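1. Predicted structure and sequence below. I'll ask about it afterward.
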Amino acid sequence: MDVFATLVHFFQAGGWFMFPIGAILVLGLVITLERWLFLNRSARENRRVWGQMLPLMSAGDFDGAERVARESDTAIGRVLGYGFAHSRQQAGRAELEMAMEESLMEVTALLEKRTHYLAVFANVATLLGLLGTISGLIKAFSAIASLNLAEKTNVLSFSISEALNCTAFGLLVAVPLLLIHSWLTTKAGELVDSLEMASVKFLNSLSLKRAPAAR
């Protein structure tokens, strides 16, 4: 109860700039939760689909592997399905690589969607905290001019408290959001790397399939 009362007093003492910073914190947490769930689900489904496709491609059953890719709505299914579609046009490896890179760019945009907002929110929270500090100091120095000594002390103490609380809250929001942004960016990058590795394995398997025909 004391902790809750302390937090309420801290929030109230920070002035009205605490409200937009709090809104940024809520939005950041919502995006974090949505992206974390999406990336975890994508990684899990990619592993499942790749686990089904790899044995089929190793056995030379590219029709079965293509069927698995088409029936899947995962990132790896889209990328490799795009590759299967272009491989039927008797395109060379270079053309296939370009086509799959195009599909990979589309999937990468989906994996990194909304993550960049976290860095923006962190910067905005810091700036709002500084703006709250400036606002509190302006109130402090503009109010004490026409007050007696006892009132000056109270007003100055309250205004400086507002300024420092707002700055502290802005930094408390900004630092975790920056760390979360870095973590989610790394997590999305790992997924993209796994897709690139799967694409290379797909192209190598397809080259081995075409090699006997070339002879």
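-> It's in.
2. And for Ala59, the neighbour number?
-> 10 (other Cβ atoms under 10 Å). Where C-beta positions appear, they are placed from N, C-alpha and C, glycine not excepted.
3. Let me know the pLDDT of it.
-> Confidence at Ala59, expressed as pLDDT, is 81.
4. Regarding the chain, what is its longest helix?
-> helix 149-214 (DSSP state H).
5. Which helix or strand lies directly C-terminal to the one helix or strand in the chain whose mean pLDDT sits lowest?
-> Ranked by mean pLDDT, DSSP states H and E, the weakest helix or strand in the chain is helix 2-13, scoring a mean of 63. Remark: after helix 2-13, the chain's next helix or strand is helix 18-58, criterion DSSP states H and E.
6. Show me what that next one packs onto, helices and strands only.
-> Where contact means 3 or more Cβ pairs under 8 Å, 6 or more residues apart in numbering; DSSP states H and E, helix 18-58 is packed against helix 62-71, helix 75-87, helix 116-143, helix 149-214.
7. To Leu39, which of the ones you listed lies closest?
-> helix 149-214 (5.1 Å; Cβ to Cβ).
8. Any idea how far the closest one is from the middle of the chain?
-> 6 Å (Cα atoms, centre = their mean, to the nearest Å).
9. pLDDT weak spots in the protein?
-> Under the criterion pLDDT under 70, the flagged ranges of the chain are 1-14, 89-91, 143-153, 155, 159, 208-215.
10. residues of the helix or strand containing Met98 that come out buried?
-> For Met98, the host element (DSSP H and E) is helix 93-111. Of all the residues in helix 93-111, those buried under the rule 16 or more other Cβ atoms under 10 Å are 96-97, 99-100, 103-104, 107-108, 111.
11. what's the answer for stretch 162-173, then?
-> Applying 16+ other Cβ under 10 Å to stretch 162-173 flags 162-167, 169-171, 173 as buried.
12. Next: stretch 121-138.
-> Quick answer for stretch 121-138 (16+ other Cβ under 10 Å): 121-122, 124-126, 128-133, 135-137.
13. just to revisit the earlier point, could you export the helices and strands packed on helix 18-58 as JSON lines, including distance to Met53?
-> Putting the helices and strands packed on helix 18-58 into JSON lines (distance: least, Cβ to Cβ, whole Å) gives the following:
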{"stretch": "helix 62-71", "distance to Met53": "5"}
{"stretch": "helix 75-87", "distance to Met53": "7"}
{"stretch": "helix 116-143", "distance to Met53": "31"}
{"stretch": "helix 149-214", "distance to Met53": "8"}
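14. which one of the ones you listed is the most hemmed in?
-> Ranked by mean neighbour count, the helices and strands packed on helix 18-58 are led by helix 75-87 with a mean of 22 (mean count of other Cβ atoms under 10 Å).
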